[in-house]
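Q: Give me coordinates for this.
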Amino acid sequence: MPYFILYEMVVNGAIYLRKSFRSDSLSITYFRLWTDDYTIELMNFTLNCLAREAAGKESTPSLCCVDSQSVKLAPMINEERGLDANKKINGRKRQVLTDTTGLIWAVFIHAANKHDSIMGCELLERIQGYFSRLEKILIDAGYKGTFANKAKEEYGIETEVGSRPPSEKGFIPVKWRWTIERTFGWTNFYRRLVKDYERTTKSTESMLLLANCTIALNIISSVSIN
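A: Residues are numbered from 1 along each chain as shown. Okay, here's the model as predicted:
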């Protein structure tokens, strides 16, 4: 079976179909296989590079953004469940690293009660060997300390805290960091990502990367048409 047909089956089967979709189907079989052997991560990296090149940028970024999103976890699932006391959400937290176009390059899922600065360090591990140009990561105050220190001391990556001016109230777009908020908005258009329905965090990570693959493909196709 041609590879692009398998990709179409996996993306449609995993993201768009309901939970009644048979667990022994071909789409789910390849979804699990490609999650375990990192095929989905490789597809995501390749499509991100192509999308950036189509937009006239270098294939890999020199500036990235990191942020987290707490989401509710479906009932009867206990793996990596916790309460985000600040946002009053009982579920999981998505640590996401994007470039300034909003494309997702790395994702890590964990219980919502764990701290951003500590758990976000996993993103640094996951991008090693891929980002030769990365010089700076834009963060918020939650990543000061452990994350910022590790980025500088172990990987030589600068961090910069971006936040709204103290005198301002409400939502204020912060230069470049607003793009990662837009990314969270994009993912809300995918029904399997509005809430975390996955029993394992690995499946959730793959769902996010598959959603990003479709976003990257849209960027490539829109540039090609224009």
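
Q: separation between the residue nearest to Thr146 when sequence neighbours are not counted and Arg92?
A: Spatially, and ignoring its direct neighbours in sequence, Thr146 is nearest to Ser117 (4.4 Å; CB to CB, 6 or more residues apart in numbering). Every residue, glycine included, has its C-beta placed from N, CA and C. For Ser117, the distance to Arg92 equals 17 Å [CB to CB, to the nearest Å].

Q: of those two, who's got more company?
A: Looking at Ser117 and Arg92 with other CB atoms under 10 Å, you find the greater number of neighbours at Arg92, namely 27 against 18.

Q: average pLDDT for the host helix or strand of the more buried one?
A: Under the criterion of DSSP states H and E, Arg92 resides in strand 89-99. Average pLDDT, strand 89-99: 96.

Q: For that strand, what is the distance to the chain centroid?
A: Remark: strand 89-99 is offset 7 Å from the chain centroid, using CA atoms, centre = their mean, to the nearest Å.

Q: Please identify the pairing partners of that strand and their relative orientation?
A: Note on strand 89-99: by DSSP bridges, its sheet partners are strand 63-72 (antiparallel), strand 82-84 (antiparallel), strand 104-111 (antiparallel).

Q: And the helix or strand containing the residue nearest to Thr146, what does it pack against?
A: Using DSSP H and E, Ser117 sits within helix 116-119. With contacts defined as 3 or more CB pairs under 8 Å, 6 or more residues apart in numbering; DSSP states H and E, the secondary structure elements packing on helix 116-119 are strand 89-99, helix 146-155.

Q: can I get those in CSV with distance to Glu198?
A: CSV is the format used below for these (distance: least, CB to CB, whole Å):
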stretch, distance to Glu198
strand 89-99, 9
helix 146-155, 25
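
Q: Out of the ones you listed, flag the one nearest Ala111.
A: strand 89-99 (6.2 Å; CB to CB).

Q: Flag the shaky bits of this structure, pLDDT-wise.
A: Scanning the chain with the threshold set as pLDDT under 70 gives 1-26, 163-176, 224-226.

Q: Right, I'll call it a day here.
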